[in-house]
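1. build me a model from this:
(chains A and B)
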Amino acid sequence: MNIELRVNGEPRELEVWEGESLLFALRERLGLPGSKNACEQGECGSCSVMLDGKLVCSCLVLAAQAQGHDVVTVEGLAEDGNLHRVQEAFAETGAVQCGFCTPGFVVATADLLARNADPSEDELREALSGNLCRCTGYAKIFDAVRLAASR
Amino acid sequence: MRPSILSRPPSTLRAVDVLSPRSLEAALLLKAERPDAVPIQGGTDVMVELNFDRGRPPTLLNLNEVEELRGWSRENGTVWLGAGLTYTEAMEPPLSELLPALAEASRTVGGPQIRNRGTIGGNLGTASPAGDAIPPLLVGDAQVKLVSLRGERVVPLHEFIVGPKRNAMSDDELIAGVHVKPVSGRETFMKIGPRNAMVISVVSLALRVDGDVHAAFGSAGPVPTLVRASTDDVHTLPERVADAASPIDDVRGTAEYRRHALRVLTKRALERCLA
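-> All right, here's what the predicted structure looks like:
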């Protein structure tokens, strides 16, 4: 089937299999591999994207459900060639080990700071509780979130 | 790694139809025509089946575009929750003040990504013994409204869930939503799990003290179960809740631990609500 949606501000039209996830359509059909494919069951958050302004796991959205909707992936966070302040903060604090979870954390952090400019420690942990880092690099990830929030 | 069926181009895969009605009437028409269609709202259960190729439903009925299923309202002293109400929405005031146990339970579901998509209607449709929204709805005397082209009917929640992952719906019906009594006294929800997020309940408990006392537990029997008591015999309630449970040993905990935890949670919930 064909679907039309808006991805990172651009209207896109593509052919998808009716049973495939938005994550698969983004990665394999639109060439946007920033959103990562890991658990495919909403446990790890590495496929996090914004759907109509809401943080979601793109592995749990049917591609066909995105018809007519607005999707922002990690590739869409930078503006005019400048990194998003969350991306900058992750790079500066070295909040990366293997890097696989990083795009999901970056998208979830950008969502948190858009809703809550000065999150408490508890709010920060709750907001990122849907993202897993298997390297257990949480200390530097939280440093990066605090740094991004301070700017 | 398992080979992905998705490495093949779309045109070579066995067809799954996706129907995306834009009104409840259109959805009911489609469900009557295609009774085997699997409703999909937030996708947090249905997509896992598809992603792992455990099931390939011939038809998916996407309910995301059905406006009538969204949101909540006050109706004649009760609260109406549309089947498409998300956990995130259930956590927000003023709804969280009318149904605080549901808000607390919603906050324990998955992480923010899951709560933004998962719905009350989906939790009811899936009818898992571990469905976290179900105990709070049971203590709120929830009445499930089912709709079809034949008309509508109202089923009390404790009769709606008939077994583990089995509900009382006919093939042509959809869940419109639930009517719940808002709390006038106090209520709370508690859940045991290895961490605060992304946890399937080992056991869960909702308690409402509202004239009488209503306790409902999850993950400790084939279906979430309601236990009633009068305020005079609350001291026997922890034992009665544990007795009403029929837990099993599984990967998340033993039957013995679950019974014990239910006793402890009931005591703590009573302290919280009677303080």
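
2. for whichever residue of the stretch 151-275 of chain B sits closest to chain A, which three-state class applies?
-> Using CB to the nearest CB, the single residue of the stretch 151-275 of chain B nearest to chain A is B:Ala197, 3.4 Å away. Every residue, glycine included, has its C-beta placed from N, CA and C. Secondary structure, DSSP: H, G, I helix; E, B strand; the rest coil: B:Ala197 is coil.

3. quick one: low-confidence ranges for the chain?
-> Unless you meant another one, I'm taking chain A. The model of chain A has no residue with pLDDT under 70.

4. actually, chain B is the one I wanted.
-> Judged by pLDDT under 70, chain B has its weakly predicted residues at B:1-15.

5. one more time with 50, if that's ok
-> B:1-3 (pLDDT under 50).

6. show me where it has strands.
-> Along chain B, counting by DSSP state E, strands occupy B:17-19, B:38-40, B:59-62, B:72-75, B:78-82, B:143-148, B:151-156, B:161-163, B:166-167, B:174-180, B:186-192, B:203-210, B:212-218, B:225-229.

7. and B:Gly125, how far is that from B:Gly163?
-> 14 Å (CB to CB, to the nearest Å).

8. of the two, who's got more company?
-> Each of B:Gly125 and B:Gly163 has its neighbours counted (other CB atoms under 10 Å in any protein chain shown); B:Gly125 has more, 23 against 11.

9. contacts only, for that one.
-> B:39, B:167, B:169, B:175 (CB atoms under 8 Å, 6 or more residues apart in numbering or on different chains).

10. what residues does chain A have near chain B?
-> Contact residues (CB under 8 Å from any CB of the partner chain) of chain A with chain B: A:1, A:15-21, A:24, A:28, A:40-43, A:45, A:48, A:54-57, A:59-62, A:64-65, A:67, A:108, A:111, A:126-127, A:129-132.

11. at 6 Å instead, please
-> With CB under 6 Å from any CB of the partner chain as the criterion, chain A meets chain B at residues A:15-20, A:24, A:40-42, A:45, A:48, A:54-57, A:60-62, A:64-65, A:129-130.

12. among the residues you listed, which are located in helices?
-> Mapping the residues of chain A next to chain B onto helices (DSSP state H) picks out A:Phe24.

13. any quick PyMOL command for the buried ones out of the residues of chain A next to chain B?
-> Entered in PyMOL, the line below selects the buried ones among the residues of chain A next to chain B, by 16 or more other CB atoms under 10 Å in any protein chain shown:
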select buried, chain A and resi 16+17+18+19+20+24+40+41+42+45+48+55+56+57+60+61+62+64+65+129+130
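
14. tell me how chain A divides into domains.
-> Chain A breaks down by automatic domain parsing into domains covering A:2-76, A:85-150.

15. single out the most deeply packed of the ones you listed.
-> Mean neighbours per residue, mean count of other CB atoms under 10 Å in any protein chain shown, is largest over these for domain A:2-76, with a mean of 21.

16. next, count neighbours for the single nearest residue of the stretch 101-250 of chain B relative to chain A.
-> When scored by CB to the nearest CB, the stretch 101-250 of chain B has B:Gly111 as its residue closest to chain A, at 2.0 Å. Using other CB under 10 Å, B:Gly111 has 24 other residues around it.

17. check B:His158 too.
-> For B:His158, the count of nearby residues is 17 (other CB under 10 Å).

18. got the CA positions of stretch A:58-78 in CSV?
-> Listed next in CSV are the C-alpha coordinates belonging to stretch A:58-78 (Å, rounded to 0.1, in the frame of the first residue of the first chain):
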residue,chain,number,x,y,z
SER,A,58,8.3,3.8,16.2
CYS,A,59,8.5,0.0,16.3
LEU,A,60,5.0,0.0,17.9
VAL,A,61,3.4,2.3,15.3
LEU,A,62,2.0,0.6,12.2
ALA,A,63,3.5,2.4,9.2
ALA,A,64,0.0,2.6,7.9
GLN,A,65,-1.1,4.5,11.0
ALA,A,66,1.3,7.3,10.2
GLN,A,67,-0.7,8.0,7.0
GLY,A,68,-1.3,11.8,7.0
HIS,A,69,0.7,12.4,10.2
ASP,A,70,3.8,14.2,11.2
VAL,A,71,7.0,12.4,12.2
VAL,A,72,10.3,13.8,13.5
THR,A,73,13.3,11.5,13.8
VAL,A,74,16.7,12.1,15.3
GLU,A,75,17.8,13.2,11.8
GLY,A,76,15.3,16.1,12.0
LEU,A,77,16.5,17.6,15.3
ALA,A,78,19.4,19.6,13.9
